[in-house]
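In: Here is a sequence together with a model predicted from it:
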Amino acid sequence: MSWSQRIAQALIARRTSGQYRQRHLSEQGDARSLRVAGQDFTHFSGNDYLGLSHDARIIDAWQQGAAHYGVGAGGSAHVTGYRTPQAELESELADWLGYDRSLLFISGFAANQAVIAAMMAKNDRILADKLCHASLLEAATLSPATLRRFAHNQPASLATLLAGNKSGETLVVTEGIFSMDGDRAPLAELHRLSQLQGGWLLVDDAHGVGVCGEQGRGSCWQQRVKPELLIVTFGKAFGVSGAALLCNDDTAEYLLQFARHLIYSTAMPPAQACAIRAALDCIRQGDGLREQLTANIHYFRQQAETLPWSLGASDSAIQPLMVGDEQAALMLSQRLREQGCWVTAIRPPTVPPGTSRLRITLSAAHRISDIDRLLEALHAANR
Ligand SMILES: *Cc1c(COP(=O)(O)O)cnc(C)c1O
């Protein structure tokens, strides 16, 4: 088989299985609305949970940062790319979340790859929740450690795996709030079990940080758990982009020696760190935004009770509307679009077969009238 044949065959297989993915070009968009091909949609597919991506204070911080530091870091942090804004952001994050240190990464995906690649060795094991994000599972698969997956949010299943053979170190991996289901991990129990075996817990709180816990400190703070490794990302509630690992002093020093994504990659632009610092201020003072988001979630769930589809067991901004069949999910997403609402259908392999869904996400920026519009569109799509 030639390269061309291999590529063509893979594309055909994707199309026939109903899993073909397409990007949609949008001219404009914020937490509430999206303009695609000249048409305005009410938007329920973003991760801009607090509506910060267009916040004037954060935009201003980025612009001023760019004027002062330039638009790029100019090099890896190990060479000359590490400036005051990144250093200050790192120490602010560590103080805020109660850790010795934090290290910035260019994205959550890169952070997960870097941390898992640098930590894991042969004979180690990674015990991960079955529904963990692709960036975690992919990193685990590529690492020399053995990957075993435990049943979603079931500590008893983790306990069974923990009791199995062990020669090297154990890393237990979960998310704070699951990205496709919106439910929360039982962090205290997972942490307790992992500690019993001398394991470390890594929590990826991409969807929890900013939106839950006191001052928006996230799922771990809310559940009073301090995992050894905590990943937070800035592309969701922070409205920007980038990520950080929170850890102890030695682990930070270790990763500065061994995490290739830190050493061989251009550092986060200082101007972006300025924007993230401004977003952090908004988040710390963001109780009003979090209350608004909670009110929107309650309103939506209450009103959705009369719909013929069930919602996942989620009290977070992520509200999965379970459809099941892939084509049916695509069709429903299309019908909603005809009614002016943008909601993406999520299909395998992102979610397990037979659990295709609409991943509805709510933001503090949504008005009640936006949510009513979505509910009316769902009722209309069912007629
Ligand atoms: C979005 C997401 C990531 C990736 O973060 P990026 O900064 O977008 O690369 C990682 N983990 C989880 C759980 C996510 O939802």
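Out: All right, it came through fine.
In: Can you check my assumption that residue 28 lies in a helix?
Out: No. Per DSSP: H, G, I helix; E, B strand; the rest coil, residue 28 lies outside any helix segment and is strand.
In: my read: it touches residue 35, true?
Out: Yes. Residue 28 is within contact range of residue 35, at 4.4 Å (criterion: C-beta atoms under 8 Å). Heads up, the C-betas are built off the backbone N, CA and C, glycines and all.
In: These two: which has the busier surroundings?
Out: For residue 28 versus residue 35, neighbours defined as other C-beta atoms under 10 Å are more numerous around residue 35 (14 against 9).
In: Who are the contact partners of that one?
Out: When contacts are counted by C-beta atoms under 8 Å, 6 or more residues apart in numbering, residue 35 touches 26, 27, 28, 29, 41.
In: 10 Å - rerun?
Out: Residue 35 makes contacts with 26, 27, 28, 29, 41, 43, 342, as judged by C-beta atoms under 10 Å, 6 or more residues apart in numbering.
In: Any chance of JSON lines for those residues, columns distance to the ligand and pLDDT?
Out: Formatted as JSON lines, the contacts of residue 35 follow (distance: C-beta to the nearest ligand atom, whole Å; pLDDT from 0 to 100):
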{"residue": "26", "distance to the ligand": "17", "pLDDT": "96"}
{"residue": "27", "distance to the ligand": "22", "pLDDT": "96"}
{"residue": "28", "distance to the ligand": "21", "pLDDT": "95"}
{"residue": "29", "distance to the ligand": "16", "pLDDT": "95"}
{"residue": "41", "distance to the ligand": "22", "pLDDT": "97"}
{"residue": "43", "distance to the ligand": "17", "pLDDT": "96"}
{"residue": "342", "distance to the ligand": "18", "pLDDT": "97"}
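In: Most neighbours among these, which one?
Out: Going by other C-beta under 10 Å, residue 43 tops the contacts of residue 35 with 25 neighbours.
In: Spatially nearest residue to that one, not counting backbone neighbours?
Out: Once flanking residues are discounted, residue 43 sits nearest to residue 34: 4.2 Å by C-beta to C-beta, 6 or more residues apart in numbering.
In: Identify each buried residue in the strand or helix carrying that neighbour, please.
Out: Per DSSP states H and E: residue 34 is located in strand 33-36. Buried positions in strand 33-36, judged by neighbour count with 16 or more other C-beta atoms under 10 Å: 33, 34, 36.
In: Give me the mean pLDDT for it.
Out: Across strand 33-36, pLDDT averages out at 96.
In: who does it pair up with?
Out: Using DSSP bridges, strand 33-36 pairs in its sheet with strand 26-29 (antiparallel), strand 39-43 (antiparallel).
In: Reformat those as a markdown table; add distance to residue 167.
Out: What follows is the strands paired with strand 33-36, written out as a markdown table (distance: least, C-beta to C-beta, whole Å):
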| stretch | distance to residue 167 |
| --- | --- |
| strand 26-29 | 50 |
| strand 39-43 | 49 |
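In: Can you tell me which of those is nearest to residue 266?
Out: Residue 266 sits nearest to strand 26-29 of all these, at 26.8 Å, using C-beta to C-beta.
In: starting at the chain centroid, how far to that closest one?
Out: Between the centre of strand 26-29 and the centre of its chain there are 21 Å (C-alpha atoms, centre = their mean, to the nearest Å).
In: returning to that earlier point: how about the contacts of residue 35 in CSV, adding distance to residue 258?
Out: Output for the contacts of residue 35, formatted as CSV (distance: C-beta to C-beta, whole Å):
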residue, distance to residue 258
26, 39
27, 43
28, 42
29, 39
41, 45
43, 41
342, 42
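In: Enumerate the residues of the chain near the ligand.
Out: 107-109, 112, 133, 135, 175, 179, 204, 206-207, 233, 235, 243 (C-beta under 6 Å from any ligand atom).
In: Can you turn the buried part of these into a ChimeraX selection?
Out: Restricted to buried positions by 16+ other C-beta under 10 Å, the ChimeraX selection for the residues of the chain next to the ligand reads:
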select :107,108,109,112,133,135,175,179,204,206,207,233,235,243
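In: need the contact list for the residue nearest to residue 43.
Out: Residue 34 touches 24, 26-28, 40-46, 341-342, counting by C-beta under 10 Å, 6+ apart.
In: ok, now residue 310?
Out: Residues in contact with residue 310, defined by C-beta under 10 Å, 6+ apart, are 304, 320, 321, 322, 323.
In: Doesn't the first one belong to a helix?
Out: Yes. Assigned with three-state DSSP, residue 304 falls within a helix.
In: Name the nearest of the contacts of residue 310 relative to residue 262.
Out: Nearest to residue 262, judged by C-beta to C-beta, of the contacts of residue 310 is residue 320 at 34.4 Å.
In: who's in contact with that closest one?
Out: Residue 320 neighbours (C-beta under 10 Å, 6+ apart): 178, 180-183, 309-314, 346, 351, 355-361.
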